[in-house]
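K.L.:
coords below, sequence missing:
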């Protein structure tokens, strides 16, 4: 074979090999590109540039470039959510997004920053505040509380919901609520006395009921993070010696609750304690529901006294709750 032909064949082989090599590199690069997904974060469906850092399982995967970031698919294996931290007015706002299987099927996915994804929905409140609505609560010992007090607790939450025009809301759960409520009981606090007075040939039987002064409720915020309220506890106190189901006709326990005996059927104490776990303190105003007497002293239920004892929620507290907890989508 002539030398020239051999040389031409060698060049053909070399060129073919180079072409195959470059094709393989191109396929490899295309493969890499396919393994990345572009995530774009929008503000109110607009295209305003957003600066922030994206985290997966507490590990940063990069910062946004004009609202977008490329993330390799392999980093998204078994990932169900990711966190976006945005700095706004020197505050770090945290948005939590759920990652659905369909988000991984295309080359790009868009997410809208909204109140629902904001971890602290009420970041703009300067003082102590809850981070979300509804706030969950659970009654730790429902059976011991009894039907009467359970209904009073429900009424307290409903009153707050109604007075704030639905701005503040609550949801009962069976365990691990944001607010844990426990019912406790005071012993040897109820006294039922009978005396007999002789009036000539007649006798007058005198009965008298009284209860000791006792604490009606206590509240404590148990977990904080900065000015964010994470967990709280409320303890409510009734009296021992009463049974809601008793039918024996005795004055002190016939269908009575250990809580009913010392209240007026309105949840003053319960609302008072709930407002404590919103960060509201005692007030000296005797007409305020936050007056300390709402939680510190129990008195025997008497219908004539109850007419003037029932308190409504302070108007300024209601207005404050509405103003603080109305939903505001942040302008990033």
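P.N.:
Now that the structure is in, tell me what you want to look at. A quick note: this is a predicted structure, and the numbers were derived from the prediction, not measured.

K.L.:
hang on, isn't residue 56 packed against residue 82?
P.N.:
Yes. Contact criterion Cβ atoms under 8 Å: residue 56 and residue 82 qualify, at 4.8 Å. All C-beta atoms are positioned from the backbone trio N, CA, C, and that covers glycine.

K.L.:
Neighbour count: the two, which is higher?
P.N.:
Neighbours per residue (other Cβ atoms under 10 Å) separate residue 56 from residue 82, with residue 82 holding more: 20 against 15.

K.L.:
Which helix or strand contains the more buried one?
P.N.:
strand 81-88 (DSSP states H and E).

K.L.:
can you give me the angle whatever helix or strand comes next after that strand makes with strand 81-88?
P.N.:
Remark: after strand 81-88, the chain's next helix or strand is strand 91-98, criterion DSSP H and E. Using axes from the mean of the first three to the mean of the last three Cα atoms, to 10 degrees, the inter-axis angle of strand 91-98 relative to strand 81-88 is 160 degrees.

K.L.:
which other helices and strands contact strand 91-98?
P.N.:
strand 81-88 (3 or more Cβ pairs under 8 Å, 6 or more residues apart in numbering; DSSP states H and E).

K.L.:
Give me the nearest residue to residue 284, chain neighbours excluded.
P.N.:
residue 291 (7.2 Å; Cβ to Cβ, 6 or more residues apart in numbering).

K.L.:
Check whether the one you found sits in a helix, strand or coil.
P.N.:
With DSSP: H, G, I helix; E, B strand; the rest coil as the basis, the three-state label of residue 291 is coil.

K.L.:
Surely it is in contact with residue 281?
P.N.:
No. Applying Cβ under 8 Å as the test, residue 291 and residue 281 come out as separate, 11.2 Å apart.

K.L.:
the more surrounded of those two?
P.N.:
residue 291 (18 against 8).

K.L.:
Just the pLDDT at that one, thanks.
P.N.:
On the pLDDT scale, residue 291 is placed at 87.

K.L.:
From residue 285, how far out is it?
P.N.:
Residue 291 sits 6 Å away from residue 285, going by Cβ to Cβ, to the nearest Å.

K.L.:
how about the nearest residue to the residue minimising distance to the centre of the chain, chain neighbours excluded?
P.N.:
With distances taken as Cα atoms, centre = their mean, residue 135 lies nearest the centre of the chain, 3.6 Å away. The spatially closest residue to residue 135, leaving aside those adjacent along the chain, is residue 178, at 4.9 Å (Cβ to Cβ, 6+ apart).

K.L.:
ditto for residue 108
P.N.:
Using Cβ to Cβ, 6+ apart and skipping the chain neighbours, the partner closest in space to residue 108 is residue 38 (4.1 Å).

K.L.:
residues touching that neighbour, list them.
P.N.:
68-70, 107-109 (Cβ atoms under 8 Å, 6 or more residues apart in numbering).

K.L.:
again, but for residue 223
P.N.:
Residue 223 is in contact with 229-232, counting by Cβ under 8 Å, 6+ apart.

K.L.:
Partner strands of the one helix or strand it maps to, with direction?
P.N.:
Residue 223 belongs to strand 217-225 when assigned by DSSP H and E. Take DSSP bridges as the rule and strand 217-225 pairs in its sheet with strand 228-239 (antiparallel).

K.L.:
ok and the helix or strand just after the partner strand relative to strand 217-225, angle-wise?
P.N.:
On the C-terminal side of strand 228-239, the nearest following helix or strand under DSSP H and E is helix 268-276. Inter-element angle recorded for helix 268-276 and strand 217-225: 20 degrees (by the same axes, to 10 degrees).

K.L.:
Which elements pack onto helix 268-276?
P.N.:
helix 142-163, strand 217-225, strand 228-239, helix 293-296.

K.L.:
hmm, back to that, and the residue nearest to residue 135, how many neighbours?
P.N.:
Residues lying near residue 178 (other Cβ under 10 Å) number 21.

K.L.:
and it, what is it in contact with?
P.N.:
130, 135-137, 230-232 are the contacts of residue 178 under Cβ under 8 Å, 6+ apart.

K.L.:
Ok, residue 165 next?
P.N.:
Residue 165 makes contacts with residue 322, as judged by Cβ under 8 Å, 6+ apart.

K.L.:
Quick check: which element contains it?
P.N.:
Using DSSP H and E, no helix or strand contains residue 165.

K.L.:
And the pLDDT at it?
P.N.:
Residue 165 carries a pLDDT value of 94.

K.L.:
Give me the phi and psi angles of it.
P.N.:
Backbone geometry at residue 165, expressed as degrees, to the nearest 10, gives phi 60, psi 40.

K.L.:
any idea how far it is from residue 63?
P.N.:
40 Å.

K.L.:
which two in the contacts of residue 38 are spaced the farthest apart?
P.N.:
Using Cβ to Cβ, the contacts of residue 38 span at most 13.3 Å, a distance reached by 69 and 107.

K.L.:
ok, these two, which is more surrounded?
P.N.:
Neighbour count, other Cβ under 10 Å: between residue 69 and residue 107, residue 69 has more, with 20 against 10.
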